[in-house]
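[1] have a look at this prediction, sequence included:
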Number of protein chains: 2
Amino acid sequence: MNYPNGKKGIKNTSEVPSQDSPKYSKIQYGKRGMNFEEEIDKSNQYYRLENVAVIHKKPTPIQIVDVDYPKRQKAVIKEAYFRKPSTTDYNGVYNGYYIDFEAKETKNKTSFPLNNIHDHQVVHMKQVSSQKGVCFLLIKFSYHDSVFLLPFRNFMVYWDRYKSGGKKSITLKEIESDGFAIPIQFRPRINYIQIVDQLIKTESEALK
Amino acid sequence: MNYPNGKKGIKNTSEVPSQDSPKYSKIQYGKRGMNFEEEIDKSNQYYRLENVAVIHKKPTPIQIVDVDYPKRQKAVIKEAYFRKPSTTDYNGVYNGYYIDFEAKETKNKTSFPLNNIHDHQVVHMKQVSSQKGVCFLLIKFSYHDSVFLLPFRNFMVYWDRYKSGGKKSITLKEIESDGFAIPIQFRPRINYIQIVDQLIKTESEALK
């Protein structure tokens, strides 16, 4: 299992606070009640406030069918449907590098089922990789409360195995071997940028 | 006015077609009926298919209030509201560079009104710039059918003038002088990546 040694220095900047900052002080950093998406969102909020990285979750795509425009009031969507996202959920920029990832949580104890990932997301991640973006999956095993960063390149080995009729999942052991354990901390809770920073340093030849 | 001289070679790749490709052949490349957003979306679709860049429009953020889950049917959103986006509308990756921009169209003949841009979008673009992202505005003057790329750094001069009590708009002449005219072509219609490529070459010191 890969654990990070390097520590990224967090700059203390007095930059313009982001629009999220009023909520910032109200964040509860305990584990209680926070799901994986919220943990990542709070970590991204921390990264923005500390000027470490600018990464956002994309809004859920909605197909709007009917909108009502009442007089003197704001528009009300009366009929709409959820659409499948055509990309991954998260993207942004870290120190000049394009960051793109999908985050998934599983209750499974020993493996990550690959039907959690859609074909079109894999196509998107392939495109991103060919444009030299930093692309990966964040996988949480909720039973063990452990989170891994699996680089897209390593993920593809298991995806190809699956698509050629093999195992429909990646075992936890495989993820431990091919991925990186994310430090779970107080703030930010899911410090994945620490691992991204390492990845960039070791793969800088391939990225630039 | 800055016109590009360099031409970016478009690679002919046989990569996996994006999910949008079935629609691709149906695209009408004439001007009729296509608004600025559609023109940009089609250009981005072209860039993805030709493996030039991976840039998407973010979905419109929606605040969902009520969802109905009919038996054996997909969920129906019965009440929802439009939310203000917390970022710009477009982002993605081009050859390892993070690309982030807002696109606005004006019917005004001689100036671009700055109330088209929100404070939180400027904050976002500041954050992106400090992370060495390539950040700009695409501005279309529909009356003249002309489109300009205005780098964020140049935009900020006029934004600061506006916020300190000055002019509430940027004149077309100022945009012609501080921005770059985008070549309007057959395919892709809004070839902004050609200008981005130039920008990166001239500003490579600042970006890396």
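    Arrived safely, thanks for sending.
[2] the helix or strand hosting A:Leu149 pairs with which strands, and in what direction?
    For A:Leu149, the element it lies in under DSSP states H and E is strand A:146-151. Strand A:146-151 pairs in its sheet with strand A:134-141 (antiparallel), strand A:180-181 (antiparallel), by DSSP bridges.
[3] how about low-confidence regions in chain A?
    Residues of chain A that meet the criterion pLDDT under 70 lie in A:1-33, A:204-208.
[4] show me the helices in it, by range?
    With DSSP state H, the ranges of helices along chain A come out as A:21-24, A:36-49, A:119-130, A:152-163, A:172-178, A:192-202, A:204-207.
[5] what packs against the fourth one?
    Yep, that's helix A:152-163 we're talking about. helix A:119-130, strand A:134-141, strand A:169-171, helix A:172-178 (3 or more CB pairs under 8 Å, 6 or more residues apart in numbering or on different chains; DSSP states H and E). C-beta: built from backbone N, CA, C; applies to glycine.
[6] tell me the angle the strand holding A:Leu149 makes with helix A:36-49.
    Angle between the axes of strand A:146-151 and helix A:36-49 is 70 degrees (criterion: axes from the mean of the first three to the mean of the last three CA atoms, to 10 degrees).
[7] could you export the strands paired with strand A:146-151 as TSV, including mean neighbour count?
    Below are the strands paired with strand A:146-151 laid out as TSV (neighbours: other CB atoms under 10 Å in any protein chain shown):
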stretch	mean neighbour count
strand A:134-141	24
strand A:180-181	20
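[8] quick one: the ones you listed as TSV, columns for distance to B:Leu150 too.
    Below are the strands paired with strand A:146-151 laid out as TSV (distance: least, CB to CB, whole Å):
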stretch	distance to B:Leu150
strand A:134-141	28
strand A:180-181	40
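[9] which one of these lies closest to B:Phe136?
    Across the strands paired with strand A:146-151, the minimum distance to B:Phe136, taken as CB to CB, is reached by strand A:134-141, at 21.9 Å.
[10] not counting its own residues, what contacts stretch A:118-128?
    Residues outside stretch A:118-128 that contact it (CB atoms under 8 Å, 6 or more residues apart in numbering or on different chains): A:84-88, A:98, A:100, A:102, A:135, A:152, A:155-156, A:159, B:15-16, B:18-19, B:48, B:51, B:54, B:93.
[11] how many neighbours does A:Ile40 have?
    When neighbours are counted by other CB atoms under 10 Å in any protein chain shown, A:Ile40 registers 24.
[12] quick one: contacts for it?
    Listed by CB under 8 Å, 6+ apart, the contact set of A:Ile40 reads A:Lys57, A:Tyr90, A:Ala103, A:Leu138, A:Ile190.
[13] what about it, distance to A:Met34?
    From A:Ile40 across to A:Met34, the span is 10 Å (CB to CB, to the nearest Å).
[14] out of the helices and strands packed on helix A:152-163, which gets nearest to B:Ser164?
    Of all these, strand A:134-141 sits nearest to B:Ser164, with 38.4 Å by CB to CB.
[15] from the contacts of A:Ile40, which land in strands?
    A:Lys57, A:Tyr90, A:Ala103, A:Leu138 (DSSP state E).
[16] follow-up on the earlier one: A:Phe186 is nearest to which of the helices and strands packed on helix A:152-163?
    Closest of the helices and strands packed on helix A:152-163 to A:Phe186 is strand A:134-141, at 17.5 Å (criterion: CB to CB).
[17] what's the burial count for the residue nearest to A:Phe148 when sequence neighbours are not counted?
    Nearest residue to A:Phe148 in three dimensions, chain neighbours excluded: A:Gly179, at 4.0 Å (CB to CB, 6 or more residues apart in numbering or on different chains). Neighbour count for A:Gly179, taken as other CB under 10 Å: 25.
[18] doesn't A:Ile139 make contact with A:Gly179?
    Yes - assessed by CB atoms under 8 Å, A:Gly179 is found in contact with A:Ile139 at 7.3 Å.
[19] who's in contact with A:Lys58?
    So A:Lys58 contacts A:Pro85, A:Thr87, A:Asp89, A:Tyr90, A:Asn91, B:Lys58, B:Pro59 (CB under 8 Å, 6+ apart).
[20] from the chain's centre, how far out does the strand holding A:Leu149 sit?
    Strand A:146-151 has its C-alpha centroid displaced from the chain centroid by 10 Å (CA atoms, centre = their mean, to the nearest Å).
[21] got the end-to-end distance for stretch A:80-92?
    28 Å (CA to CA, to the nearest Å).
[22] next: stretch A:135-147.
    16 Å.
[23] what values do phi and psi take at the residue of chain A most remote from its centre?
    For chain A, the largest distance from the centre (CA atoms, centre = their mean) belongs to A:Lys71, which lies 40.6 Å off. Backbone torsions of A:Lys71, given as degrees, to the nearest 10, read phi -60, psi 140.
[24] please report how far it lies from B:Asp66.
    Applying CB to CB, the value for A:Lys71 to B:Asp66 is 22 Å.
[25] for A:Thr110, same thing?
    The spacing between A:Thr110 and B:Asp66, counted by CB to CB, is 39 Å.
[26] kindly report the same for A:Asp41.
    A:Asp41 is 23 Å from B:Asp66, where distance means CB to CB.
[27] if you count surrounding residues, which of those two has more?
    Neighbours were counted for A:Asp41 and for B:Asp66 using other CB under 10 Å; A:Asp41 has more, 20 against 10.
[28] excluding covalently adjacent residues, which one is nearest to A:Asn91?
    Spatial nearest neighbour of A:Asn91, excluding adjacent residues (CB to CB, 6+ apart): A:Asp100 at 4.5 Å.
[29] how many other residues sit next to that neighbour?
    For A:Asp100, the neighbour count with other CB under 10 Å is 27.
[30] next up, the contacts around A:Thr60.
    Neighbours of A:Thr60 in contact, by CB under 8 Å, 6+ apart: A:Phe82, A:Pro85, B:Pro59, B:Ile62.
[31] and the residues you listed, which two are furthest apart?
    A:Pro85 and B:Ile62 (13.6 Å).
[32] and A:Asp119, how many neighbours?
    Other residues near A:Asp119 number 11, with proximity taken as other CB under 10 Å.
[33] returning to that earlier point: ok, and what's touching the strand holding A:Leu149?
    Residues contacting strand A:146-151 (CB under 8 Å, 6+ apart): A:36, A:135-141, A:170, A:175-176, A:178-182, A:184, A:190, A:192, A:195-196, A:199.
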